[in-house]
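Q: Let me see the structure of the following:
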Amino acid sequence: MYVCLCGGVTDRTVCAAIAAGARTVQDIARRCTAGACCGGCWPEIELLLDEHRWREAHRDGRAAG
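A: Take a look at the predicted model:
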């Protein structure tokens, strides 16, 4: 699915950037250009970042419940 229409960047590319260490919208913009233009995709990028943080927290056993 396309996350950033301006740059033609998919969710897979954004997730790869996150897996490679991107932790902010600005990090992602530097790595794959998603979020570097109009900002319309920032909410979706933030959602992907939040999902990654959630998975990491639960994988490492840091989250309660």
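Q: Show me which residues of the longest helix seen in the chain are buried.
A: Secondary structure of the chain per DSSP state H: the longest helix is helix 42-59. Burial within helix 42-59, assessed by neighbour count using 16 or more other C-beta atoms under 10 Å, is assigned to 42, 44-45, 48-49, 52. Backbone N, C-alpha and C define where each C-beta goes, glycine included.
Q: Let me know the closest of the residues you listed to residue 30.
A: Sorting those by how near they are to residue 30, with C-beta to C-beta, puts residue 45 at the top with 12.5 Å.
Q: distance of that closest one from residue 11?
A: As judged by C-beta to C-beta, to the nearest Å, residue 45 and residue 11 stand 9 Å apart.
Q: got any residues that touch both of the two?
A: residue 3 (C-beta atoms under 8 Å, 6 or more residues apart in numbering).
Q: pLDDT weak spots in the chain?
A: Residues of the chain meeting the criterion pLDDT under 70: 60-65.
Q: Contacts for the longest helix of the chain next, please.
A: Residues external to helix 42-59 that are found in contact with it (C-beta under 8 Å, 6+ apart): 3-4, 11, 14-15, 18-19, 22-25, 28, 34-35, 63.
Q: mind redoing it with 6 Å?
A: By C-beta atoms under 6 Å, 6 or more residues apart in numbering, the surrounding residues in contact with helix 42-59 are 3, 14, 18, 25, 28, 35, 63.
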